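# Quick one: sequence and predicted model below, then my questions.
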Amino acid sequence: MNEEANTLGIDYTQFRNKTVLQAEIDRVSSSTTTPKPVCYYYYNTTDPCTLEDVQTIDPKYKIEWTQYGYRFCADVRSIKRMFDTGYTILPWSIDFWSGVRATQDPDEYERTFDMRYVPELVSKIEAFSFSSPEESSEHTNLPVTPFHAHFIRGIEDLVGDSYVYGVLINRLLTAKKALIYRRVCGSMLKVLYHMQPSAAAADREDNDNNNMVRDVFYNYCYVKYSVTSFHISKREDHLAYLLDILQTFHQLVGEPAQFIIQMVMTEL
């Protein structure tokens, strides 16, 4: 929904809830007088790997496809690299299905959002080949891509089987540092609220363990991140610092960290 708002030139941060935002999206979409940006034809505004604006992608590499009722656009080299490395889920799927819904019906989720189920796209990927080893190396080694891959793989290792690729692309990797900071701090606060100790807990030992995990999460993750990260202005350095905090938290508390980190990603 946020990506759709962006394509229409709507600042989604100015709307108090999704219902109000959807109403504005519907109004602008149906308006015959409101000018729409060139990229309105596509659901996404940037390539999922390089983050290049879809309007500036070299026409000889630009591909389009329809999935889940929307039209998408990307650099064919990016999608091919995703296929080659096992990332075949539509990067923007999180806008349509929540992570919870995806885990409730994983088979339907895969049929709906796995790009390998789109013949139009698969045929274009299979027909493409790099014209030279130099061209392949040039695109594979784009400076932004290794960090994205490193960050995504690092978070995925922490949350296990949960799907977070779309969240990371849409909520962190394409956002400015100040927005990342607000989103992460807000998400951690929501998770802390859900982790409040229960007075009705039947097992005192379990309750004590939960309190210990919550205290570590509060002091090491929330306090450390909120107090010490804001001055890190470069987005990649900022996200690398966040990943390091989450990895250390996982080392400190073990298995309970997996679900907590997953909640942090879900609440972004």
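Now that the structure is in, tell me what you want to look at. Residues are numbered from 1 along each chain as shown.

# Every contact and neighbour count from this point should use C-alpha atoms.
Will do.

# For residue 255, see how far away the nearest residue to residue 253 once chain neighbours are set aside is.
In this structure, residue 253 finds its nearest non-sequential neighbour in residue 213, 6.5 Å apart by Cα to Cα, 6 or more residues apart in numbering. Using Cα to Cα, to the nearest Å, one gets 11 Å for the distance from residue 213 to residue 255.

# what about these two, which has more around it?
Ranked by neighbour count (other Cα atoms under 10 Å), residue 213 and residue 255 place residue 213 first, with 19 against 12.

# Run through the neighbouring helices and strands of whichever strand or helix holds the more buried one.
Following DSSP states H and E, one finds residue 213 within helix 204-216. Counting contacts by 3 or more Cα pairs under 8 Å, 6 or more residues apart in numbering; DSSP states H and E, helix 204-216 packs against helix 235-253.

# quick one: low-confidence parts of the stretch 151-268 of the chain?
Applying pLDDT under 70 to the stretch 151-268 of the chain flags the ranges 161-163, 165-166, 198-206.

# how about a cut-off of 80?
153, 160-170, 197-208 (pLDDT under 80).

# for residue 238, what are its contacts?
By Cα atoms under 8 Å, 6 or more residues apart in numbering, the residues touching residue 238 are 177, 229, 232.

# the strands in the protein, which residues?
62-67, 70-75 (DSSP state E).

# Which secondary structure elements does the first one sit against?
Identification of packing neighbours for strand 62-67 by 3+ Cα pairs under 8 Å, 6+ apart yields strand 70-75, helix 119-127.

# for those, which one sits closest to residue 156?
Closest to residue 156 of those is strand 70-75 (Cα to Cα; 23.3 Å).

# what's the closest non-adjacent residue to residue 217?
residue 249 is the one closest to residue 217 (Cα to Cα, 6+ apart), at 7.1 Å.
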